[in-house]
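>>> A predicted structure for the sequence below; I have some questions about it.
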Amino acid sequence: MVLGVPANEIRFVQEASNDTQKQALFDAVNDGLVRVLIGSTPRMGAGTNVQKRLVGLHHADVTWKPSDIEQREGRIIRQGNLLLEKYGVEDFEVEILAYATERTIDAKMWSLNASKLKTINGIRKYDGSFVMEFEDEDSVSMAELAALASGDPLLLERVKLMSEVDKLELLKRQFGR
């Protein structure tokens with residue numbers, strides 16, 4: 001028993017060495033027989049349909065690509081969650097946690113991902129005009145995580161203030177047009 005969860009309800013996706021075993025493991029998660037599933041992004045990325053009873057996602061590391069983070073979060077933020085259907089939008093939400101060690105490469109990695117995601121989202125939202133201006137909450141969240149991982153409270157305050165300044169400047173430019 002690990003913090004109240006029986007050991008047989010905690011599994012690693014790496015235990016499944018072929019597609020049949022992997023599908024059986026995913027079915028066990030969806031049936032509620034496995035309550036904690038631990039795995040890497042490559043092993044639990046595209047094609048992992050375990051969303052029926054998910055309530056929490058934990059980012060234990062940060063990758064080089066924002067798409068990997070989106071792929072991870074896509075395992076939990078999707079249609080088909082039976083708990084969402086049971087409790088409704090007002091009474092149910094999933095929890096996504098990211099872990100970082102202060103004053104390590106984690107801060108730089110989250111910062112890089114924030115910059116990359118802002119650029120990617122700029123391309124995604126490009127409407128054909130010469131100026132790509134938009135609010136980008138996803139990249140701001142990554143920047144905040146990078147600031148937290150830096151261990152410097154002033155850096156976090158700076159990220160939040162810069163985000164607010166960027167929003168206000170965007171509104172001013174939109175008003176001016």
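Received the coordinates, thanks. Numbering: from 1, shown residues only.

>>> Mind listing what's buried along the longest helix along the chain?
In the chain, assigned by DSSP state H, the helix with the most residues is helix 153-176. Within helix 153-176, the residues scored as buried using 16 or more other CB atoms under 10 Å are 155-156, 159, 163. Placement of C-beta: from N, CA and C, glycine included.

>>> Residues in contact with stretch 104-119: which ones?
Contacts to stretch 104-119, defined as CB atoms under 8 Å, 6 or more residues apart in numbering, come from residues 62-66, 69, 98, 100, 136, 138-143, 145-147, 149-151.

>>> try stretch 23-43
Stretch 23-43 is contacted from outside by 5, 9-16, 44, 48-53, 63, 68, 71-72, using CB under 8 Å, 6+ apart.

>>> So which of those are in helices?
Counting by DSSP H, the contacts of stretch 23-43 place 68, 71-72 in helices.

>>> most neighbours, which of those residues?
Within the ones in helices among the contacts of stretch 23-43, residue 72 tops the neighbour count with 22 neighbours, counted by other CB atoms under 10 Å.

>>> where does the closest residue in space to that one that isn't next to it in sequence land in three-state SS?
Excluding its sequence neighbours, the residue lying closest to residue 72 (CB to CB, 6 or more residues apart in numbering) is residue 41, at 5.9 Å. Assigned by DSSP: H, G, I helix; E, B strand; the rest coil, the conformation of residue 41 is coil.
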